[in-house]
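Visitor: Sequence and predicted structure below; questions after.
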Amino acid sequence: MELVCGEDSEGLGGGAIQSERREKQMPKALEHALIWEEEHQQYQLSTHGQPQQGFHREDEAAFSRWVAQHSSFAFVGQAGRLSVLHEARGGGTGYWYAYRTKERHTHKRYLGSSSNTTAALREEEL
């Protein structure tokens, strides 16, 4: 399964900011995916579709270290999926944003800094 930015058909919910509609742009494939595994009660991190590492809910510190070293990943949680991207901002290290597409409109939601980008927070965004 190839995960791409804006692949989902559900919205972010209240407080989402709707971005400009972009015509005829191909979605960018994401190299990393964090996928919930119900059987193991953990998130499985895959790179190019190959399993790399599992993160239990208690592993937030380990996941935060991984997040700090990357700029994007697909998140497939218990309630849906979204694309998570790090965007640079002047005077700082930048912030994380979640993107979802619903009915051909992309919605953007602020997640915060790397240390605040946890699995629990991402589940809330779904």
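Guide: The structure has been received and is ready for your questions.
Visitor: sec struct for the residue of the chain most remote from its centre, please.
Guide: Distance from the C-alpha centroid of the chain peaks at residue 91, with 23.8 Å (C-alpha atoms, centre = their mean). The assignment at residue 91 comes out as coil when based on DSSP: H, G, I helix; E, B strand; the rest coil.
Visitor: oh, and call the first residue 898 from now on, that's how I've got it
Guide: That works, and once the first residue is 898, the last one we named lands at residue 988.
Visitor: With just CA atoms, put whichever strand or helix holds residue 972 into PDB.
Guide: Using DSSP states H and E, residue 972 sits within strand 969-973. Taking C-alpha atoms only, strand 969-973 is exported to PDB below (Å, rounded to 0.1, in the frame of the first residue of the first chain):
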ATOM      1  CA  SER A 969       7.300  14.000   7.200                       C
ATOM      2  CA  PHE A 970       5.400  10.700   7.700                       C
ATOM      3  CA  ALA A 971       2.000   9.200   7.100                       C
ATOM      4  CA  PHE A 972      -0.100   8.400  10.200                       C
ATOM      5  CA  VAL A 973      -2.600   5.600  10.000                       C
END
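Visitor: and it, what other elements does it pack with?
Guide: Under the contact definition 3 or more C-beta pairs under 8 Å, 6 or more residues apart in numbering; DSSP states H and E, strand 969-973 sits against strand 929-934, strand 978-984. No exception for glycine: its C-beta is placed from N, CA and C like everyone else's.
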